[in-house]
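Asks: got a sequence here, can you build the structure:
(chains A and B)
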Amino acid sequence: MKILVCISNVPDTTTKIRFTGENTSFDSSGVQWVINPWDELSLTRALELRDDPASGVKSVTVIHSGPASAEPTIRKALAIGADDAVRIDSPSGDAYSVAAGIAEVVRSEQYDIILCGVESSDYNGSMVGGMLAEFLEIPSVSGISELNVEGGNVTITRETDEGKEIVSVPLPFAGVVQKGIAKEPRIAAMRGIMMARSKQIRIYESGPEESLTGIKSFEKPPARDACKFIDADNPEQLIDLLQNEAKVI
Amino acid sequence: MEIKKNLKSGEFLVADSDAANVFIPEEFNEEQLMIAGSCRDFLAAEVSPRITELEKGKRELMKSILRKSGELGLMGISIPEEFGGFGQSFVTQMLVAEACGAGYSFSVAFMAHCGIGTLPILYYGNREQQEKYIPKLASGEFIGSYCLTEPGAGSDANAGKTSATLSEDGEYYILNGQKMWITNAGFADIQIVFAKIDRDRVLSAFIVESSYPGVVIGPDEQKMGIKGSSTAQIYYNNVKVPAGNLLGKRGEGFRIALNILHMGRIKLGANVLGSAKKAVEDSVKYANERKQFGVFISAFGAIRQKLAEQVIRLFTCESAVYRVSRDIDDLTEKLKEESGDTGRAAVEAIGHYAVEAAILKVAGSEMLDYVADEAVQIYGGMGYSAETDVERGYRDSRINRIFEGTNEINRLLVSDTVMKRAMKGDFDLFGKAAELYAGLDDLSGKVTWTDDYFSEKSGYAGNFKKTVLICIHGAVERFGRTLVHQQEVLNNIADMIIETYLSESLSLRVQKLESLKSDTGVYRDILDVSVYDAAFRIRKSAYDAIYAFAKEEQATALTRAVDSLTAVRAVNVKSARRRIADKLIEDNAYKF
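Replies: As a prediction, this is how the structure comes out:
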């Protein structure tokens, strides 16, 4: 059984977001890039399954759609333990073009489980997993908080607002993963970092579909005012502020 | 001055470097950055959540975390692959030392194990000893410690009384004595113990397993800081150490101890960078959250001044740390080609850069003390609370000026080693110094400012060097062989040498940065303020030395020359510091 983990290359979560060109493009100067946190957890769970002989999972491949500048992030995934990696050589595109590109690779390489993080921490699109399943005409399961594979059988736990669902799904399928799938991301061990040197990143030409959407401009949320602390013994002041200042009641 | 590629230790005082040949931290490769990232991830996952528990002195917890770092491969960074390590360059070793520096007492335990607890066997052990111990030390299965200090032998290490007597059958050395301030004592499996064989004048070194009968570990000391690291006394009561555990040759212990300490010192210089970066980040985050008089305190000039100065001192120190790290790598490669012995090449290269090692030890530990102190100050009353990391950082920082050779010993080493190396003929210091001294009048009343920014900075560094040289010449001429008893003057000279090396390293780094980054304004600000301050400090040190060795008329001539040699163009340090602080405050993190 083969698992494909889709990874996004996103700015480190502590990055101060700046825009250029009159707020039409993201200013990437000085940005530290990392594996999207949800994708990192997907990768961690995929590696746990591969390392468990009972799962039947034989290999974990990571895939990224984007320019060569993302290769340090891909190599980090290899250092963490992925067996090999694919990069679709394309400029950053929307979810439609990314999903179409990944679907092309899956058609030629045949994976049993394709995992995506629930969203990327930069553009928060939450669309690639579902679109990928549609392109490939395979089942998709969203909101996966547990993924177990034993002897080729997959059991999934989905967390919803109302509780949990236990789901079975035939192979191949596309899974959209949320937090809880793995406790902590794996740390790249020295041996993994050394081995990542010799692992190849296979390059595919840009996917078959152009982006359908484009971003016209960005806008930061207005700066939030500082918190006001109201004495617990003074609920009248709280009501007054909510009525007359915040005007919400 | 002549521009040379690979300078000998201390030679920077009489030769210049080309920025193109100097390694700067902005040149770390992808793999090095990934290794440092793993260290940070490890601290975040394993150390930070347990630091309060560790501070309670839980020996087994510390040992288990150390073992986990071993499983991750972090203990094998400097160990050759043939012994289960990863044989990384010295630059990478220093980067790991830096990254782990943010780990408070874990960092001390980790560094002691990887350095002084492991490397004596790697560098001086025979093949059998290396094969027996190094793979286990590299994986964390064994934890190492280094036992040199005794109640009556601290800085004067050779005064140790621990004795080793060869048994009649020649099978064992019988070890008796007491060691103190031993890091990792409470849980180490292996000890590198220094003792005198049969009342020898000099020390020998032994590998002692903590499980040998007669080894008694005392309770942990109650310390000001680094409370999570185990520090205890160790007693040796007729301990039978197999004769095959003699490390190196009989009487070679002092040399081993010194060379290992050179390595410890230089790595301390990198280690404190990590501690300081953590303190700066804590400082700016707090200043960006804390409001007084209705505004965030990061808006106040008094706080911005502190934040900027933390950055300036840290960035300056960092420039020197990685400059010499690459010099050590280059020399190691050269020595390896000559001898074919990787371990010996590494230790000889580190030992060669003894001047720079002592410089980094002093400058790094004092930089951290400043940064940690101001972090507490920025936190105000909250910084005095034991709940904050800056309080822990402040207590933990203090030991760095004491261990790995006190800063007093290291300052003396800086001046002393420079002069000894020059006398040995490594470079012509005294000839150049005499020449300058003879032409003092030519030095006075001149400024060497130019229109080219970096030529001017290079000119300042050259003038700082001349200041050092004329002070060395004057002190030697006045005191001769008794200069060794004028420790205050030697300290003045050491301070000038340290300032000069740091200033030049910073200048070379910023110059090289201009070819890598488009906007380097803030780095020029750092350089401007750092050199401006260094010039005044050098002038003060020179004055202090001159008034100690020169008579009135000569002193006037000398101070006039020093005034010219330490004259720098006016800098609006207030505005420059504000711009530096602006970047730190905007990033809300140390991203220089």
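
Asks: so what's residue 241 up against?
Replies: Using chain A. A:228, A:230 (CB atoms under 8 Å, 6 or more residues apart in numbering or on different chains). (Glycine included, C-beta is placed from N, CA and C.)

Asks: that's the wrong chain, I meant chain B
Replies: When contacts are counted by CB under 8 Å, 6+ apart, B:Val241 touches B:164, B:172-175, B:193, B:206-208, B:212.

Asks: can you rerun that using 10 Å?
Replies: Counting by CB atoms under 10 Å, 6 or more residues apart in numbering or on different chains, B:Val241 touches B:164, B:167, B:172-175, B:191, B:193, B:195, B:206-209, B:212, B:214-215.

Asks: now it, nearest residue through space, not along the chain?
Replies: Closest residue to B:Val241 apart from its sequence neighbours, by CB to CB, 6 or more residues apart in numbering or on different chains: B:Tyr173 at 4.7 Å.

Asks: contact residues of chain A facing chain B?
Replies: Chain A comes close to chain B at residues A:12, A:14-16, A:18, A:29-32, A:34, A:71-72, A:75-76, A:79-80, A:184-194, A:196-197, A:226, as judged by CB under 10 Å from any CB of the partner chain.

Asks: just the buried residues of the residues you listed.
Replies: A:15, A:31, A:34, A:71-72, A:75-76, A:79-80, A:185-190, A:192-194, A:196 (16 or more other CB atoms under 10 Å in any protein chain shown).

Asks: following the helix-or-strand element of chain B with minimal mean pLDDT, which helix or strand comes up?
Replies: When each helix and strand of chain B is scored by mean pLDDT, DSSP states H and E, helix B:440-443 comes last, with a mean of 85. Next in sequence after helix B:440-443, counting helices and strands by DSSP states H and E, comes helix B:453-479.

Asks: off-centre distance for that following helix?
Replies: In terms of CA atoms, centre = their mean, to the nearest Å, the centre of helix B:453-479 is set 23 Å apart from its chain centre.

Asks: next one: stretch A:97-109
Replies: 16 Å.

Asks: in it, which residues are buried?
Replies: Neighbour counts over stretch A:97-109 (16+ other CB under 10 Å) mark A:97-106 as buried.

Asks: likewise stretch B:496-507?
Replies: Residues of stretch B:496-507 classed as buried: B:496-507 (neighbour count, 16+ other CB under 10 Å).

Asks: what's the closest non-adjacent residue to B:Ala109?
Replies: Nearest residue to B:Ala109, sequence neighbours excluded (CB to CB, 6+ apart): B:Ser229, at 4.6 Å.

Asks: from chain A, how far off is the one you found?
Replies: Distance, B:Ser229 to chain A, using CB to the nearest CB, to the nearest Å: 22 Å.

Asks: quick check: phi and psi at that residue.
Replies: With angles defined as degrees, to the nearest 10, B:Ser229 sits at phi -90, psi 140.

Asks: same check, this time on B:Phe296
Replies: Torsion angles, degrees, to the nearest 10, at B:Phe296: phi -70, psi 140.

Asks: my read: it touches B:Glu289, true?
Replies: Yes. B:Phe296 lies in contact with B:Glu289 (CB atoms under 10 Å); the separation is 7.2 Å.

Asks: tell me which of these two has more neighbours.
Replies: B:Phe296 (16 against 12; other CB atoms under 10 Å in any protein chain shown).

Asks: list the contacts of the more buried one.
Replies: B:Phe296 makes contact with A:226, B:286-290, B:303, B:585, according to CB under 10 Å, 6+ apart.

Asks: can I have the buried ones of those residues as a PyMOL selection?
Replies: Applying 16+ other CB under 10 Å to the contacts of B:Phe296, the buried members can be selected in PyMOL as follows:
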select buried, chain B and resi 286+287+288+290+303+585
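
Asks: JSON lines for the contacts of B:Phe296, including distance to B:Ile35 and secondary structure?
Replies: Below are the contacts of B:Phe296 laid out as JSON lines (distance: CB to CB, whole Å; DSSP: H, G, I helix; E, B strand; the rest coil):
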{"residue": "A:Ala226", "distance to B:Ile35": "40", "secondary structure": "coil"}
{"residue": "B:Tyr286", "distance to B:Ile35": "30", "secondary structure": "helix"}
{"residue": "B:Ala287", "distance to B:Ile35": "31", "secondary structure": "helix"}
{"residue": "B:Asn288", "distance to B:Ile35": "30", "secondary structure": "coil"}
{"residue": "B:Glu289", "distance to B:Ile35": "32", "secondary structure": "coil"}
{"residue": "B:Arg290", "distance to B:Ile35": "35", "secondary structure": "coil"}
{"residue": "B:Ile303", "distance to B:Ile35": "35", "secondary structure": "helix"}
{"residue": "B:Ile585", "distance to B:Ile35": "30", "secondary structure": "helix"}
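
Asks: center of chain A, which residue is that?
Replies: In chain A, the residue lying closest to the centroid (CA atoms, centre = their mean) is A:Gly117, at 3.2 Å.

Asks: what about stretch B:574-589, near chain A?
Replies: Yes. Stretch B:574-589 comes into contact with chain A (CB under 10 Å from any CB), by way of B:583, B:586-589.

Asks: who wins on neighbours among these?
Replies: Scoring those on neighbours with other CB under 10 Å, the highest-scoring entry is B:Lys583 at 20 neighbours.

Asks: which stretches of the stretch 201-350 of chain B form helices?
Replies: For the stretch 201-350 of chain B, the helices defined by DSSP state H, counting those that start in this stretch occupy B:253-287, B:301-339, B:342-352.

Asks: perfect, I'm done here.
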